[in-house]
Structures are given as structure tokens and as C-alpha cells.
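Asker: Next comes the sequence, and after it the predicted model I'd like to discuss.
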Amino acid sequence: MSHQTLHGYLEREVGDAGLRDLIDRIASACWSISSLVGQSAIEGNLGHAGTTNPQGEQQKPLDLLADDVFARACEGNPCVAALISEEVEDVTHLKTPEVGDLVVAYDPLDGSSNLDVDLSVGSIFAISRIEDLSADCALQEGRHLICSGYALYGPSTMFVLTLGNHVDGFSLAPETDTFMLTYPKMAVPRETQEFAINVSRLRHWDTVIQNYVAECIEGPRGPRGKPFNMRWTASMVAEVHRILVRGGVFLYPVDDENRVQGGKLRLLYEANPIAMIMEAAGGLATDGQRPLLDKVPCHHHERTSVVLGSRDEVERVAQAYLQT
Ligand code: P6P
């Protein structure tokens, strides 16, 4: 079966040469990271690097390697003015910004705690364009993103991308190291019977989330009148990809343990890029109550509550908050 290549797709879909080159570079970086992930045990890149990221989390050797691969790929594009990385405290300014330049926010290896047990991990990125030199180019709202996507390093390597209107998925063809269009126009089913949340945190949740999950678990005899399934892979990219393919709702709410930090997941390089994908695929992505893409960031490592996926379920949670 012949598939369109990512390179051919970008030639057709992206008129701006600088953006087209940047997406191509990011895809190549993801291909390199896929190779590093696959060889991590052989190369001795498991365990801890002995350093911590800006969130105070222990870094893996591959977190640092993936960050270096991502940064070098983006730095090679003369239109990129700044980089925001989960693994780097400060914004990396590459040039004096000009209107039209690009900014990349990225999590080079999300879910890296899964590496030691050979489970799926991913990379997440979001691209914005500088329109106003008087504003902080690193703190743009998610609504201003022009492109976002992720790579999923699983049984196959996927590269999923949106330019705002729809979502397309590409599979890495190992024999040619080429991404091929295999999931055109991905769409999140409006309804679902599958939720994803770390239930071990139940005692820390607010009552809205506790009640929502309890009703899902009650199943046919409860107010939902139908059975629900649960999934939790500790890798947001893997959850998101499953939701894009078959529907579902993913929740990582702010809770009593992480409320001071604002939640667990980071707004600029985890929540917002995925929120752009979810909305472009007909789903929703909120902080439980309001669309994530409308949030005005105050800090480039800002965290947020996240509820995303099938529209009916995300709206149900938002409605429940309205009634509190
Ligand atoms: P927990 C990975 O560290 C991550 O940021 C997301 O990819 C994932 O959904 C979540 O944290 C897992 O959190 O509490 O299950 O370890």
C-alpha cells in the first residue's frame, strides 16, 4: 500500500518555508529520539542522570539526550527565535526576535519514567509565531499556536500533527526512516465509555472529580447507566493517542497535593499542544472548567489541571464544576 510521505504532505499543506523546514526538522529529531529510545538499554541510558529538571523531578539520561537532539534540530532553522524546554530552567533565546519569527515549546521526552520498564514514551511540541515584539514571546496563549504535535515511541513510532484545522498521523517506516501518512484526519468520538486517571490519587481530588469517577465506576446501575473501562499508562502521549483513535477522557486534575504548584502537567509544552490537537480533532481540552487554549500563561513552566478528550465527557465535568 502506498502512503503519502510527511515531506510531501508538508510541501502541499505548509506554504511558509520557515515553518515547513522547522516541522521537518522536528520530525527528524523525533526519528533520532525513537532510535535512542530503542537502544536505551543497550547504550546504558536507563536509570537516573543525577540531575533534576526545573520541576525538581529526577532527569533520565534520555531526557537530556532528547533535549539536546530537539534543541539542535530547532536551532538549525534561522526563523526560530526562542526555545522553551521542560528540561531547561530558562527560555533559550537564539536571536534578536523579529515579527514573524517562530517559538518552540517542547517536552523532549514525556513519560520517561516508563523507559526503565519498556513502556511507551513520547515527545510533545508547540510552535507559535511572534506577532508583537512588545509582548513576552515565551508566554503566548495557546489560541495563538500555529502548529502542534507529538511523537509516540510505542510498538510503532507515530508522528501526529495539527496546523489547526485537522489532525493527521504518520507512521515511521523503519526500512526507509520515513514518516508515512497512515491516519488522515483523526477525529475524537464525541462519546466514550473509557476514562484515564491515576486513581491512586483519589484521596487528594476535589469532590467533583471524586463524584465523576465514582459514577463511571458505578456503571449500569449508577447514573451513567452504562459500564466504563479504565486505562492509565503514565504517559500522556500514549493516552492522548488512544483517545484520538478510539475516544476516551484523560484527567489529571489539580489536587490537594499539587495545588500549590497549580497541578502536575505543564501548560506550555504538555497541555496546550495536546489541547490544540484535541480541538482540531473535534474533542475538548479544559482545566476542568475553561478551555486550556484560553489560559494566559504567567510563567513558561506554569502547571495546570487537565481534562481532555471526548466532548461529552469533558463538558460533563465542566457542568459539574458549574453546579458546585
Ligand atoms: P503519574 C509523565 O511524567 C506525565 O507528565 C504524563 O505524561 C503522565 O500522564 C503523568 O505525568 C503520569 O503521572 O502521577 O501517574 O506518575
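Answerer: Great, that's in hand. Numbers count the residues shown, from 1 in each chain.
Asker: for the ligand, what are the nearby residues on this structure?
Answerer: Taking CB under 6 Å from any ligand atom, the part of the chain that reaches the ligand is made up of 110-111, 113, 198, 234-236, 252, 264-265. All C-beta atoms are positioned from the backbone trio N, CA, C, and that covers glycine.
Asker: Among those residues, which are located in strands?
Answerer: Among these, the ones falling in strands (DSSP state E) are 110, 252, 265.
Asker: what are the bridge partners for the first one, then?
Answerer: Each beta-bridge partner of residue 110 is listed here, defined by DSSP bridges: residue 122.
Asker: thinking it is in contact with residue 121, fair?
Answerer: Yes - with contacts counted by CB atoms under 8 Å, residue 110 reaches residue 121, the gap being 6.5 Å.
Asker: thinking again about what came up before, any of the residues of the chain next to the ligand buried? List them.
Answerer: Under a neighbour-count criterion of 16 or more other CB atoms under 10 Å, the subset of the residues of the chain next to the ligand counted as buried comprises 110-111, 235-236, 252, 264-265.
Asker: Determine which two of those residues are furthest apart.
Answerer: The largest distance within those, taken as CB to CB, falls between 235 and 264 and amounts to 13.3 Å.
Asker: before we move on, the earlier item: would you turn the buried ones among the residues of the chain next to the ligand into CSV with pLDDT?
Answerer: Conversion of these to CSV gives the following (pLDDT from 0 to 100):
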residue, pLDDT
110, 97
111, 94
235, 97
236, 98
252, 98
264, 97
265, 98
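Asker: residues contacting whichever residue of the stretch 151-300 of the chain sits closest to the ligand?
Answerer: Sorted by distance to the ligand under CB to the nearest ligand atom, the residues of the stretch 151-300 of the chain start with residue 236, at 3.3 Å. With CB atoms under 8 Å, 6 or more residues apart in numbering as the criterion, the residues that contact residue 236 are 110-111, 122, 124, 250, 252, 265, 270, 274.
Asker: One more: residue 215?
Answerer: If you count contacts by CB under 8 Å, 6+ apart, residue 215 has them with 222-224.
Asker: just checking, which of those belong to strands?
Answerer: Among these, no member lies in strands (by DSSP E).
Asker: Which of the residues you listed has the largest number of neighbours?
Answerer: With neighbours taken as other CB atoms under 10 Å, the top of the contacts of residue 215 is residue 224, carrying 16 neighbours.
Asker: phi, psi of that one?
Answerer: When quoted as degrees, to the nearest 10, the phi and psi of residue 224 stand at phi -80, psi -20.
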